[in-house]
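**Student:** structure for this input, please:
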Amino acid sequence: MTLEKSAAPALIEQSRKAVILSYCALLLTFTFNGLWQIVNGEITIVAIIFLWLLKVLPILIFLPGLRQKHLRTHAWLSFVVLLYFIVGVQTAFVEETRVYGIIITLLLSILFCALVIYIRGFRNFYKTSL
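**Tutor:** Model prediction:
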């Protein structure tokens, strides 16, 4: 029993680090994709900035709660990640954006799994409820 208690904080901290890393990687991927579109001149800069904000703002809403380690923030982010996952899979099936779609889908999968592990570990160790 004491082994589980001492192992739980390490699991929680590792999953939290994975959440933060995959969250930041996702934001950076959205940013680099926007910059790539600017370099290629595919669409106007105003449209690229608008699309970037449309992708990033719903995720940035969760940043303060993630920094403060709120369990509900992690739970709600896991629901939002599933919506982004649908778009990532659809993007992966378009030939021109296949690599970008696969990268986004992998990052979202990692983020979702890390969120679930964090939530379950936190709830099991601290016996709190959402």
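**Student:** show me where this structure has its strands.
**Tutor:** With DSSP state E applied, the chain shows no strands anywhere along its length.
**Student:** residue nearest the centroid of it?
**Tutor:** What sits nearest the mean C-alpha location of the chain, by C-alpha atoms, centre = their mean, is Tyr23, with 4.0 Å.
**Student:** tell me how far the helix or strand of the chain with the lowest mean pLDDT is from the chain's mean position?
**Tutor:** The helix or strand of the chain with the lowest confidence, counting by mean pLDDT, DSSP states H and E, is helix 2-40 at a mean of 86. Computed by C-alpha atoms, centre = their mean, to the nearest Å, the chain-centroid distance of helix 2-40 equals 7 Å.
**Student:** just checking, what packs against it?
**Tutor:** Identification of packing neighbours for helix 2-40 by 3 or more C-beta pairs under 8 Å, 6 or more residues apart in numbering; DSSP states H and E yields helix 45-60, helix 63-67, helix 98-126. (C-beta placed from N, C-alpha, C; glycine too.)
**Student:** show me what counts as buried in that helix.
**Tutor:** 11-12, 15-16, 18-19, 22-23, 26-27, 29-30, 33-34, 37 (16 or more other C-beta atoms under 10 Å).
**Student:** now do stretch 37-53
**Tutor:** Buried residues in stretch 37-53, counted by 16+ other C-beta under 10 Å: Gln37, Ile48, Trp52.
**Student:** now distance to Tyr84 too, for those, in TSV please.
**Tutor:** Formatted as TSV, those follow (distance: C-beta to C-beta, whole Å):
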residue	distance to Tyr84
Gln37	18
Ile48	18
Trp52	14
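**Student:** separation between Ile117 and Ile110?
**Tutor:** Distance, Ile117 to Ile110, by C-beta to C-beta, to the nearest Å: 11 Å.
**Student:** spit out the residues that contact these two alike.
**Tutor:** With contacts taken as C-beta atoms under 8 Å, 6 or more residues apart in numbering, Ile117 and Ile110 have Ala18 as neighbours in common.
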